[in-house]
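Novice: starting from these lines, generate the structure:
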Amino acid sequence: MAGRVWIDRNTRCITRIDAKILHPVYFGFGILAKLYPGGTIEFEQAQVNEKRWVYSRLEEHLTARVLMVRTLPQNTTITSWHFRPMPSPMSYKDAVRELLAMPVVLR
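Specialist: Residues are numbered from 1 along each chain as shown. Below is the predicted model:
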C-alpha cells in the first residue's frame, strides 16, 4: 500500500488515512482472500473529547477474491456524526433506553 497519514499535532492521533493498494494482498496464502491492486481506502476520525476519537468516515473501493471462488467488488461508504460521550459504566438496559430515545435522522 501507499498513501498519506494525517496526525493531529496536539494529541498525536491519526485523523485521516488515504491509501491505495499497489500490489496484491493475500490472506491465508490467497486461499481465504486476495485484494487486487488499484483499490483505495479513505478513513477519517473526529475528536469527541480530550481522550476519545471515533471514526467519522470510512470509504473503501476494493476488489477481492474470496475463498478462491468468487471475485467481488467492495464499495462501502460509512459516515457518522453528532457524537456525544455516554456515561460509563452503563448497563445494557440503560443503553437500550438511550438508543430508543434518540431521534432517527432520515436523509
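
Novice: residues touching residue 94, list them.
Specialist: Listed by C-beta atoms under 8 Å, 6 or more residues apart in numbering, the contact set of residue 94 reads residue 87. The C-beta positions use only the backbone N, C-alpha and C, and glycine is treated the same way.

Novice: tell me which element it is part of?
Specialist: Assigned by DSSP states H and E, residue 94 falls within helix 92-101.

Novice: what about the longest strand in the chain?
Specialist: The residue-count maximum for a strand in the chain (DSSP state E) belongs to strand 53-66.

Novice: in this protein, which ranges drop under the pLDDT threshold?
Specialist: 107 (pLDDT under 70).

Novice: so which residue is dead centre in it?
Specialist: The chain has residue 58 as the residue nearest its centroid, 4.4 Å off, counting by C-alpha atoms, centre = their mean.

Novice: dump the residue contacts of that residue.
Specialist: Applying C-beta under 8 Å, 6+ apart to residue 58 gives the contacts 41, 42, 43, 44, 76, 77, 78.

Novice: you'd agree residue 30 is up against residue 68?
Specialist: Yes: counting by C-beta atoms under 8 Å, residue 30 touches residue 68, with 7.0 Å between them.

Novice: off-centre distance for stretch 14-31?
Specialist: Put simply, stretch 14-31 sits 14 Å off its chain's centre (C-alpha atoms, centre = their mean, to the nearest Å).

Novice: mind listing the strands for this structure?
Specialist: Taking DSSP E to define them, one finds strands in the chain at 2-7, 14-20, 25-27, 33-35, 40-47, 53-66, 70-79.

Novice: adding distance to residue 105, write the ones you listed out as TSV.
Specialist: Shown next, in TSV, are the strands of the chain (distance: least, C-beta to C-beta, whole Å):
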stretch	distance to residue 105
strand 2-7	28
strand 14-20	24
strand 25-27	36
strand 33-35	33
strand 40-47	17
strand 53-66	15
strand 70-79	11
